[in-house]
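Kindly return the folded structure for what I paste below:
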Amino acid sequence: MENKIREAIESELLKENIKIDNIYEGVEDGEKTLFIVIDSEMTVDSNLCVKAMKIVNPILDNLDINLDDYVIDVCSKGEGV
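Numbering: from 1, shown residues only. Here you go, the predicted model:
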């Protein structure tokens with residue numbers, strides 16, 4: 001699943017100079033979570049994470065992957081790891 005997601009979102013994120021550091025499944029606060037960890041030459045702050053999430057959400061909605069049980073968390077290397 002992670003590879004399919006990476007292939008779908010990577011090029012769109014790169015257009016905004018956002019790189020994918022890692023994609024992995026985990027549990028946070030008792031919820032199944034899909035972590036998309038990003039990096040950038042710019043400061044990775046909450047605004048950049050929100051920008052990335054706005055890019056990622058519609059792409060994930062159109063993928064043939066059932067993510068209904070997951071919370072999606074776009075975060076910086078320091079947060080999600």
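
Would you agree residue 19 is in contact with residue 40?
Yes. Contact between residue 19 and residue 40 holds when scored by Cβ atoms under 8 Å: they sit 6.4 Å apart. Every residue, glycine included, has its C-beta placed from N, CA and C.

Specify which residue of those two has the higher count of neighbours.
Neighbour count, other Cβ atoms under 10 Å: between residue 19 and residue 40, residue 40 has more, with 17 against 13.

contacting residues around that one?
By Cβ atoms under 8 Å, 6 or more residues apart in numbering, the residues touching residue 40 are 17, 18, 19, 48.

likewise residue 56?
Contacts here follow Cβ under 8 Å, 6+ apart; on that basis residue 56 touches 9, 12, 13, 36, 72, 74.

May I have the helix or strand harbouring residue 38 as CSV, with CA atoms only?
According to DSSP states H and E, residue 38 maps onto strand 31-40. The C-alpha trace of strand 31-40 is given here as CSV (Å, rounded to 0.1, in the frame of the first residue of the first chain):
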residue,chain,number,x,y,z
GLU,A,31,-6.6,5.1,15.8
LYS,A,32,-5.1,3.3,12.7
THR,A,33,-3.0,6.0,11.1
LEU,A,34,-1.3,6.4,7.8
PHE,A,35,1.7,8.6,8.4
ILE,A,36,3.1,10.5,5.4
VAL,A,37,6.4,12.0,6.6
ILE,A,38,7.6,15.0,4.5
ASP,A,39,10.8,16.9,4.2
SER,A,40,11.8,20.1,2.3
